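>>> quick one: sequence plus predicted model below, questions after.
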Amino acid sequence: MSQAVAAPAGPLPTLSDRHLDPHAYPDGVAFLDGQYLPMSQAKVSVLDWGFLHSDATYDTVHVWDGRFFRLDLHLHRFFGGLEKLRMTIPFDRDGVAEILHNCVALSGHRAAYVEMLCTRGASPTFSRDPRQAINRFMAFAVPFGSVANAEQLRTGLKLAISDKVRIPPASIDPSIKNYHWLDLVRGLYDAYDRGADTALILDFNGNVAEGPGFNVFCVKDRELSTPAVGVLPGITRRTVLDLCAEEGLSAVATDVSVVALKTADEVFITSTAGGIMPVTTIDGTPVADGKVGAITERLMALYWKRHDDPAWSSIVSYP
Ligand SMILES: *Cc1c(COP(=O)(O)O)cnc(C)c1O
């Protein structure tokens, strides 16, 4: 039985409604400790290492028009991250797929942002040895979210290049999708201060790396390039490379310098949260003529068209 702890005497500090409203969560369904719960009830302990040390990995897949997009690739990446972090969960790939499916089906969302995650957890004795912690798997489905809003998708995003360096791969393997976001969040604040919509962070060599939850591509003379090292290998990035191969467009993962990006014919970013999104301004200067490029538009159309291809998507059966 839970017991309330007596509050100290004296007036409680006042909290704004924004900090008190427990319903200020997106509408959705979470899976936690064997149960499906409304988002507002899905809570973790403050002692969880996922929270205290960012000791966690996750993956995000989306559902569009009632179908998961490339779920197998997301599951593969998630299980790869678990293995590299020496975490274990009591489900195999099919078990996780079923839980994600149930979260979406119960939420009723036909366009959803679906996250699976595992934290190091906590040790019953508060041990500092990570091997003593009991890893915790969780998942949730909330309404689909995008890095870019409708207006930004139409006219292109404004990017600012951050002067912070992305955590180097020698410190943290970037192929493990993780919550080490302080460099990215810092980049966002710097970008907002400079009137941009979002940020790009450079790698330890001064080349372009990635942004808060997205990869980047540039197009020059009909050839595409995207940073090869120091980035999370995004599934949307991979999908762009796959689409280019099918369309006979040359696309390579290589070093992308800031100059190459700023003198590109077209620039776009890629994320499960929004798909392929055009960029038309970098550090206050238009990319080429400042309009969304033709190859970007073509890839955006192909990308969304493939969301009902049975080879790349799987159907959600709603109750
Ligand atoms: C998730 C993520 C991306 C984009 O990956 P997708 O699989 O396309 O969603 C890029 N960079 C970082 C740091 C990410 O966390």
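Perfect, I can see it now.

>>> nearest spatial neighbour of the residue nearest to the spatial centre of the chain, skipping sequence neighbours?
In the chain, the C-alpha nearest the mean C-alpha coordinate belongs to residue 213, at 4.4 Å (CA atoms, centre = their mean). Leaving aside its chain neighbours, residue 213 sits nearest to residue 271 (5.4 Å; criterion: CB to CB, 6 or more residues apart in numbering). Heads up, the C-betas are built off the backbone N, CA and C, glycines and all.

>>> does that neighbour touch residue 214 like I think?
Yes - contact criterion CB atoms under 8 Å: residue 271 and residue 214 qualify, at 3.9 Å.

>>> quickly list what's touching both of the two.
Common contact partners of residue 271 and residue 214 (CB atoms under 8 Å, 6 or more residues apart in numbering): 147, 234, 236, 277.

>>> and those near the ligand, which?
Restricting the shared contacts of residue 271 and residue 214 to those adjacent to the ligand (criterion: CB under 6 Å from any ligand atom) gives 234, 236.

>>> got CSV for the shared contacts of residue 271 and residue 214, with neighbour count too?
As requested, those are arranged in CSV below (neighbours: other CB atoms under 10 Å):
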residue, neighbour count
147, 21
234, 21
236, 23
277, 25
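
>>> how far away is the residue nearest to the centre of the chain from the ligand?
5 Å (CB to the nearest ligand atom, to the nearest Å).

>>> can you check what pLDDT the model gives that residue?
In the predicted model, residue 213 carries a pLDDT score of 97.

>>> assumed residue 219 was part of a helix.
No - secondary structure assignment (DSSP: H, G, I helix; E, B strand; the rest coil) places residue 219 in strand, not in a helix.

>>> tell me if residue 259 really is in a strand.
No - applying three-state DSSP, one finds residue 259 to be helix, outside a strand.

>>> enumerate the residues of this protein near the ligand.
Proximity of the chain to the ligand is confined to 60, 177, 210, 213-215, 232, 234-237, 270-272 under the rule CB under 6 Å from any ligand atom.

>>> coming back round to it: in strands, which of the shared contacts of residue 271 and residue 214 appear?
Using DSSP state E, the members of these that fall within strands are residue 277.

>>> circling back: residues contacting the residue nearest to the centre of the chain?
So residue 213 contacts 147, 184, 271, 273 (CB under 8 Å, 6+ apart).

>>> again, but for residue 164
When contacts are counted by CB under 8 Å, 6+ apart, residue 164 is found next to 183, 186-187, 190, 201-202.

>>> and what of residue 295?
The contact partners of residue 295, by CB under 8 Å, 6+ apart, come to 219, 222, 224, 249, 266.

>>> rerun at 6 Å
Under the criterion of CB atoms under 6 Å, 6 or more residues apart in numbering, the neighbours of residue 295 are 219, 266.

>>> now do the one 10 residues further on
When contacts are counted by CB under 6 Å, 6+ apart, residue 305 touches no other residue.

>>> mind putting the contacts of residue 164 into JSON lines with pLDDT and distance to residue 134?
Supplementary listing: the contacts of residue 164 in JSON lines, determined by pLDDT from 0 to 100; distance: CB to CB, whole Å:
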{"residue": "183", "pLDDT": "95", "distance to residue 134": "30"}
{"residue": "186", "pLDDT": "96", "distance to residue 134": "32"}
{"residue": "187", "pLDDT": "96", "distance to residue 134": "34"}
{"residue": "190", "pLDDT": "96", "distance to residue 134": "38"}
{"residue": "201", "pLDDT": "97", "distance to residue 134": "34"}
{"residue": "202", "pLDDT": "97", "distance to residue 134": "38"}
